[in-house]
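# Mind looking at a prediction? Sequence and model below.
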Amino acid sequence: MKKHQRRTLSPQAVIYACLIYLFLYLPIFVVVAFSFNSSKMNIVFEGFTFEWYWKMFENRSLMDALKNTLIVAAASTGLSVVIGTIAAVGMYKFHFRMKNVVNNALYIPVVIPEIVLGISLLAFFSLVGVQMGMGTLIISHVTFSLPFVVITLRSRLAGYDKSMEEAAMDLGANQWRTFRRVTLPILAPGIMSGAMLALTMSLDDVIVSFFTTGPNSTTLPIKIFGMVRKGVSPDVNALSTLMILATVLILITSNIIERRMEKRNG
């Protein structure tokens, strides 16, 4: 048997990779650095301070926008995961007419521009007479998050072994117990990946939310987008830094959980 040889990267490749990562993450580092800026104008770094991490809690409009964002993200992610899991498993197990049409229709919210989706949702809500608010925001976020959950789960189901379900049912388990004790744990890493995608897309959405939000349901991205005209204050950078830290912690935790699930199922 031939031993696998490790391939070492050339110095040029290492430098090229470092430049790419620097280009990707330099704006994030700038946001983090300016969250400690003592200047209220936040244009030139004048001094180091932690005061903006305390003052951001005094900005009620900013905190209300953050609360709306978290509520919409949590609700839309939960609904997308539940509906997406049922849809992915159902389309995998059952054959019905127009199945290919349904499968292809899932890609429409993914490929069309967000502004088209936002205008379409606005026209629909206006047509049925629904008042804009948290409800329309959640429905809109589920609309563009759901396909990503289904697509992620379908890739997980591609290597699914049906014999495990058949073995469980041969041992006396009914369909619900088989789904809960066998199918769901196997699909859990894919469900978590889809949930992370849905959560990320909901947290940073601007265009669709702009068309479907109400006067009392402004989300954080829309709030910051409106502040750009007059200049973003350092407390926004402080809040963004905390959100970056929370995102990194969630990502690390989800990766650890996924690896444990893979080891348990493998």
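Okay, I see it.

# Please name the residues that touch P27.
Residues in contact with P27 (C-beta atoms under 8 Å, 6 or more residues apart in numbering): none are found. Heads up, the C-betas are built off the backbone N, CA and C, glycines and all.

# Identify each buried residue in the helix or strand containing A167, please.
According to DSSP states H and E, A167 maps onto helix 163-170. Within helix 163-170, the residues that qualify as buried are 165, 168, counting by 16 or more other C-beta atoms under 10 Å.

# Only C-alpha atoms, please: export the helix or strand just after that helix in PDB.
On the C-terminal side of helix 163-170, the closest following helix or strand by DSSP H and E is helix 175-178. Only the C-alpha atoms of helix 175-178 are listed here, as PDB (Å, rounded to 0.1, in the frame of the first residue of the first chain):
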ATOM      1  CA  GLN A 175     -43.500   5.200  12.100                       C
ATOM      2  CA  TRP A 176     -43.400   8.100  14.500                       C
ATOM      3  CA  ARG A 177     -41.000   6.300  16.900                       C
ATOM      4  CA  THR A 178     -38.800   5.400  14.000                       C
END
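
# Give me the average confidence score over helix 175-178.
Across helix 175-178, the average pLDDT comes to 82.

# what packs against that helix?
On a contact count with 3 or more C-beta pairs under 8 Å, 6 or more residues apart in numbering; DSSP states H and E, helix 175-178 meets helix 163-170.

# which residues are contacting the helix it packs on?
Against helix 163-170 from outside (C-beta under 8 Å, 6+ apart): 175, 177-178, 181-183, 186.

# Could you do stretch 236-248 as well?
By C-beta under 8 Å, 6+ apart, the surrounding residues in contact with stretch 236-248 are 28, 31-32, 34-35, 37, 42, 52-53, 55-56, 62, 66, 200, 203, 220, 224, 227.

# Which among the contacts of helix 163-170 count as buried?
Buried, going by 16+ other C-beta under 10 Å: 178, 182-183, 186, out of the contacts of helix 163-170.
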